[in-house]
Every structure is written in structure tokens, then in C-alpha cells.
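Enquirer: model this:
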Amino acid sequence: MTSTASPSTHAARPSMRWRVVDIVIASVLGVGGGLVFTLWNLVYSPLTAPIEAVLPGLQALVYAVWLFPAVLVGLIVRKPGAALYGELVAAAVSALLGGFWGWTALAWGLVQGLGAELVFAILLYRAWGLVPAILAGVGAGAGLTIMDLTFYYAAARPEFMVVYAVSAMLSGAVIAGLGSWLIVRGLARTGALSRFAAGREIAQRTEVDEVAAGAPASASPAPEAQERTSTS
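Expert: So this is what the prediction gives:
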């Protein structure tokens, strides 16, 4: 009588302990994010100047390029501190490669990473779909807003601050949130995330969708399919 309750209880509580593979992948993604930061640092100013000319503050619509490592690493690793770790590693790599802001980038990485991390923590590290990803992007955008308006635009007019804040958080929702969610789905379909729950879940959904769409039943007999799902 007790055997039916315990499996569901354990399934509802994924391990929060970091594995070696979690550290490795989070580090690799963080370094990759830092390389993207470095390239973006070189081109963002001329790219955003026309947007800023339309409406000052609107340039923050594309600033979430500096935010995506937090959401991406959080969605893949799914462990406490993953979002913060990914953003900090990216910021550190950017600083090491001679970014414009030097080691002050770590302060931005800390606050932006905490913005995404806070969202995942409020969701108890159990929700990893599109909406949580978008909310985490908004959280990272809020972190960027706090830092930029405090240290760069403290004397700006209130209307500029409003436009900047809304633009930054919208950018976080779309570029860092939706963008990272799409990247995870793309990576999962290649099999690159087979060691992670994110990859296994998407692979299982894809298999179910294929069956529902009329995929040949002979390609995967029912007993073998049951064995694969039980071992996974």
C-alpha cells in the first residue's frame, strides 16, 4: 500500500545537488556567453544609436544580449545558483578579454544573475517552461535596470528612466527569456542535453508528438519503448 506513494514523492523532488557535469556545462555556457559579450561590446553602440535617436531609453530593447547566460544556464542545469553562476562566469570572461567596463562587469553580472535566480527560486526550482523562462529574463532585465539607472543615468529625467526600464525588461523577456528557451529546445533535439532533465523531457515530448502525428508504430515496439522509459 505504501509502494505507490513513495515513487511519486521522489519524482516530485529532483536533486538540488550539483553534479560534475552540471559544473562543466554551466562553465562552458558561461564562457560562451562571455565571448558573445565581448563581440557585442564592440558593435552594440553603433547598432543602438539609431534606436536611441528615435526615443532615448529605447536602446535598452537589445541590451538583453548581456542577460541570456543567466536564463540559459538556469534552464539547462536546474540547480540553485545556476543562473547566477552562468552570468558571473560570462561577466568574468568579458572582463578578462578586455571589456570596456573591466572588472566592474562582475557587479552587473551579480545583480543581473540574481534577478533571474530569484525568479527560479520563487518557483522553487520546479518550473522550467516558457513562462518561467520569460519571467527569469524579466528578472535579469530588472537587475540591469537597477544597475544602469543607479550608476549611469542617476540624473536622467523620469520619463527616460521609465522608457529605459520597460525596454530593458521587455528585452530580457524576449531575448534572454524566449531566446534561451528556444536555444534549450534546439540543443535538446540534437541530443546534446541527454544528461539533463531539460533534454530528456523535450526528447520524450518529441517522441510522443511523433506517435500522435502517426509515426510508424513498427519503428519502436511497445515493450522496447516501455523499457526505455523505465530505465531513463
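Enquirer: all helices for this protein, in order.
Expert: 5-11, 20-54, 68-77, 82-96, 105-122, 130-151, 158-171, 179-190, 197-212, 222-231 (DSSP state H).
Enquirer: list the helices and strands the fourth one packs on?
Expert: It stands for helix 82-96. helix 20-54, helix 68-77, helix 105-122, helix 130-151 (3 or more CB pairs under 8 Å, 6 or more residues apart in numbering; DSSP states H and E). No exception for glycine: its C-beta is placed from N, CA and C like everyone else's.
Enquirer: Would you mind pulling the contact partners of it?
Expert: 22, 26-27, 29-38, 41, 67, 69-74, 76-77, 101-103, 105-106, 108-110, 112-114, 116-117, 120, 136, 140 (CB atoms under 8 Å, 6 or more residues apart in numbering).
Enquirer: ok, the closest residue to residue 179 other than its chain neighbours - contacts?
Expert: Leaving out its chain neighbours, the residue that sits closest to residue 179 by CB to CB, 6 or more residues apart in numbering is residue 68, at 6.0 Å. Residue 68 is in contact with 33, 36, 137, 175, 176, 179, 180, counting by CB under 8 Å, 6+ apart.
Enquirer: What of residue 206?
Expert: Contacts of residue 206 by CB under 8 Å, 6+ apart are residue 189.
Enquirer: Need the nearest residue in space to residue 52, chain neighbours excluded.
Expert: Nearest non-adjacent residue to residue 52 (CB to CB, 6+ apart): residue 59, at 4.1 Å.
Enquirer: Now do the phi/psi pair for residue 192.
Expert: phi -70, psi -20 (degrees, to the nearest 10).
Enquirer: so what's it up against?
Expert: Counted by CB under 8 Å, 6+ apart, residue 192 has contacts residue 199.
Enquirer: same thing with residue 100?
Expert: residue 41.
Enquirer: Take the contacts of residue 68 and lay them out in JSON lines including pLDDT.
Expert: Output for the contacts of residue 68, formatted as JSON lines (pLDDT from 0 to 100):
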{"residue": "33", "pLDDT": "97"}
{"residue": "36", "pLDDT": "97"}
{"residue": "137", "pLDDT": "98"}
{"residue": "175", "pLDDT": "98"}
{"residue": "176", "pLDDT": "98"}
{"residue": "179", "pLDDT": "98"}
{"residue": "180", "pLDDT": "98"}
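Enquirer: Now for those: which two are most distant?
Expert: Greatest spatial distance in those: 36 and 137, 15.5 Å, computed using CB to CB.
Enquirer: Show the buried residues in the contacts of helix 82-96.
Expert: The neighbour-count test (16 or more other CB atoms under 10 Å) applied to those identifies 22, 26, 29-34, 36-38, 41, 67, 69-74, 76-77, 105-106, 108-110, 112-114, 116-117, 120, 136, 140 as buried.
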